[in-house]
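Undergrad: Kindly generate the corresponding structure for this input.
(one chain, ligands or ions: 1)
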Amino acid sequence: MESAQHILHHILLHEYHATQTGMQISDNHIRLDVKCDKDLTKLAKEELEEKVNLVIKQNIPVNKKIYPRDEVPKGIDISKIPDTVKEVRIVSIGDFDVQPCGNAHIDNTSEIGKYSITEIKRKGSSTYRIEGIVTDK
Ligand SMILES: [Zn+2]
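TA: You can find the predicted model right below:
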């Protein structure tokens, strides 16, 4: 679930320039709130779903590694992590997505299952909520 969320967030950020404002994961449900200049309610759910599932299907290894803060590889944004944190855990989904994260992740995207979007709705003038579920293949 957590790994599926990273994939979804990466696609939204890089293809739709949407930035995450909130996130909640429970059971098999992922709720992601984003800010975006484009009207995401006009986006076909299937299109976004398919993009996430295409990444999942590539059976990409998910690596977790803890770095001392000053040894985190360049290019990884750790600006949101408080200065008091001296060791940063980096989660990499192959070369696809690399970001700091302390949460539990699976070892390979093949373990995720299938991602489906149940709803994309507007929350504010430029904020949207994307509700989705992960089911067994
Ligand atoms: Zn994570």
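
Undergrad: residues near residue 121, how many?
TA: Burial measure for residue 121: 10 neighbouring residues, criterion other CB atoms under 10 Å. No exception for glycine: its C-beta is placed from N, CA and C like everyone else's.

Undergrad: How many residues are close by the closest residue to it other than its chain neighbours?
TA: Spatial nearest neighbour of residue 121, excluding adjacent residues (CB to CB, 6 or more residues apart in numbering): residue 129 at 5.3 Å. As a burial measure, residue 129 scores 18 neighbours (other CB under 10 Å).

Undergrad: For residue 129, name its beta-bridge partners.
TA: On DSSP bridges, the residues paired with residue 129 through beta bridges are residue 33, residue 121.

Undergrad: now it: how far from residue 82?
TA: Applying CB to CB, to the nearest Å, the value for residue 129 to residue 82 is 27 Å.

Undergrad: Tell me which residues touch the residue of the chain found nearest the ion, please.
TA: Per CB to the ion, the residue of the chain with the smallest distance to the ion is residue 101, at 3.2 Å. Shown in contact with residue 101 (CB atoms under 8 Å, 6 or more residues apart in numbering): 2, 6, 89-91.

Undergrad: what's the answer for residue 91, then?
TA: Residues near residue 91 by CB under 8 Å, 6+ apart: 3, 6, 62-64, 98-101, 105.

Undergrad: Go again with 7 Å.
TA: Counting by CB atoms under 7 Å, 6 or more residues apart in numbering, residue 91 touches 6, 62, 64, 99, 101, 105.

Undergrad: Pull up the pairing partners for the one helix or strand in the chain whose mean pLDDT sits lowest, direction included.
TA: Every helix and strand in the chain was compared by mean pLDDT, DSSP states H and E; the lowest is strand 19-26, with a mean of 93. Paired strands of strand 19-26, with direction, are strand 29-35 (antiparallel) (DSSP bridges).
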